[in-house]
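Asks: I'd like to go over a predicted model; first the sequence, then the structure.
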Amino acid sequence: MHSVDKSIVDPGRRKLLIATSSAGVAAGATTLIPFIGSMAPSEKARALGAPVIVDIARLRPGEMITVAWRGMPIFLVNRTEPMMAEVDAAKGLLADPASKHPFSIPLPTYCSTEYRSRASHPNLLVVVGVCTHLGCTPSPRFMPGPQPNLPDNWPGGFLCPCHGSTYDLAGCVFRDKPAPQNLDVPRYEFVSPSTVAIGQDEKGEA
């Protein structure tokens with residue numbers, strides 16, 4: 001087997017090999033940059049996951065507004081004193097009154113209260129409007145008492161039109177219903193007395 005004497009390698013050929021190799025690496029890098037860029041989330045995707053700022057200044061007592069966050073409806077309800085009393089009255093009829101078994105979002109610790117809301121604003125309910133049975137959107141049925149598709153002792157809350165699951169005015173599911181768990185409570189915070197940010201809190205974005 002013959003050894004190659006490196007001292008006799010043509011200098012011109014060596015330069016050609018180096019130039020060719022460098023061009024190949026540069027071409028590969030040029031090809032790689034757009035590929036990496038294509039894996040970054042689009043502006044639309046980032047916007048879908050961004051917090052949503054909601055002005056509740058015109059949300060009157062007893063009313064509800066719905067906003068979209070991450071493709072899900074978010075219910076914001078300005079509960080009245082009688083509605084808060086109905087939350088207390090419904091405790092014995094619920095499947096999970098203490099929200100020990102969250103559905104898909106951990107219950108924020110600041111909403112581990114009897115009304116599942118921030119202690120600073122107990123009247124405001126913020127829940128994900130997605131039934132925990134098969135994902136339908138519950139309808140508000142805030143008026144208590146007998147009415148179609150609801151029991152005579154109905155305390156007010158939400159009714160899922162798909163399979164009849166019912167939730168109280170804190171978003172907790174009643175016993176013996178198809179839905180297995182309470183409505184989720186997203187992370188949220190007040191950024192002003194009349195403005196709520198859905199999808200973020202003191203810990204940052206959700």
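Replies: Alright, I've got the coordinates. Numbers count the residues shown, from 1 in each chain.
Asks: ok, residue 78 touching residue 63?
Replies: Yes - applying Cβ atoms under 8 Å as the test, residue 78 and residue 63 come out as touching, 5.8 Å apart. For every residue, glycine as well, the C-beta is placed using N, CA and C.
Asks: the more surrounded of these two?
Replies: residue 78 (18 against 15; other Cβ atoms under 10 Å).
Asks: Nearest spatial neighbour of the more buried one, chain-adjacent residues omitted?
Replies: Excluding the flanking residues, the one nearest residue 78 by Cβ to Cβ, 6 or more residues apart in numbering is residue 59, at 4.7 Å.
Asks: Pretty sure the one you found sits against residue 75.
Replies: No - with contact defined as Cβ under 8 Å, residue 59 does not count as touching residue 75 (11.2 Å).
Asks: what about the two, which has more around it?
Replies: Just comparing residue 59 and residue 75: by other Cβ under 10 Å the higher neighbour count belongs to residue 75, 20 against 17.
Asks: From residue 67, how far out is the more buried one?
Replies: 9 Å (Cβ to Cβ, to the nearest Å).
Asks: which ones are touching the most centrally placed residue in the chain?
Replies: Nearest residue to the geometric centre of the chain (Cα atoms, centre = their mean): residue 186, 5.4 Å. Residues in contact with residue 186 (Cβ atoms under 8 Å, 6 or more residues apart in numbering) are 69, 74, 105, 108, 126, 127, 128, 198, 199, 206.
Asks: As a markdown table, these with distance to residue 191 would be great.
Replies: Formatted as a markdown table, these follow (distance: Cβ to Cβ, whole Å):
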| residue | distance to residue 191 |
| --- | --- |
| 69 | 15 |
| 74 | 16 |
| 105 | 20 |
| 108 | 16 |
| 126 | 13 |
| 127 | 19 |
| 128 | 20 |
| 198 | 11 |
| 199 | 12 |
| 206 | 15 |
